[in-house]
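Colleague: Okay, predicted coordinates and the sequence, questions at the end:
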Amino acid sequence: YITIYRHLKANPEFQVYPIFKYFENWCQDENRHGDFFSALLKAQPQFLNDWKAKLWSRFFCLS
C-alpha cells in the first residue's frame, strides 16, 4: 500500500477520487496491523508451521 501511496504522491494526476487524499493515514494504519500480526505470529510459532498455515498463506498471496 505504501508503494501505491508514494506513486500517487509523485503523480497526483492519477488521484481520480477524493478518497486518495486520506490514503496516507490508511496506509499507516495497515502498516500497524501488519506489525501487530507479525509480532503475534512470531510469539506463536506453532501457527506458522503446519499445512493450514501454508494453505492460508497461499490463499492470501493469490487473492
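Modeller: Looks like it came in fine.
Colleague: chain center to stretch 44-62, what's the gap?
Modeller: Remark: stretch 44-62 is offset 16 Å from the chain centroid, using CA atoms, centre = their mean, to the nearest Å.
Colleague: Apologies, that question was intended for stretch 56-63.
Modeller: On CA atoms, centre = their mean, the centre of stretch 56-63 falls 13 Å from the chain's centre.
Colleague: again, but for stretch 31-42
Modeller: Distance, centroid of stretch 31-42 to centroid of chain: 10 Å (CA atoms, centre = their mean).
Colleague: Number the residues from 39 up from this point.
Modeller: All right, first residue 39 from here; so that's stretch 69-80.
Colleague: pull the CA atoms of that stretch into PDB?
Modeller: Extracted in PDB, the C-alpha atoms of stretch 69-80 (Å, rounded to 0.1, in the frame of the first residue of the first chain):
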ATOM      1  CA  ASN A  69       1.300  -1.000   8.400                       C
ATOM      2  CA  ARG A  70       0.500  -1.000  12.200                       C
ATOM      3  CA  HIS A  71      -1.900  -4.000  11.700                       C
ATOM      4  CA  GLY A  72       0.900  -5.800   9.800                       C
ATOM      5  CA  ASP A  73       3.400  -5.100  12.700                       C
ATOM      6  CA  PHE A  74       0.800  -6.400  15.200                       C
ATOM      7  CA  PHE A  75       0.100  -9.600  13.400                       C
ATOM      8  CA  SER A  76       3.800 -10.200  12.700                       C
ATOM      9  CA  ALA A  77       4.600  -9.900  16.500                       C
ATOM     10  CA  LEU A  78       1.600 -12.100  17.300                       C
ATOM     11  CA  LEU A  79       2.600 -14.900  14.900                       C
ATOM     12  CA  LYS A  80       6.300 -14.800  16.000                       C
END
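Colleague: Could you pull up the mean pLDDT of it?
Modeller: Stretch 69-80 shows a mean pLDDT of 80.
Colleague: And for stretch 83-98?
Modeller: For stretch 83-98, the per-residue pLDDT averages 83.
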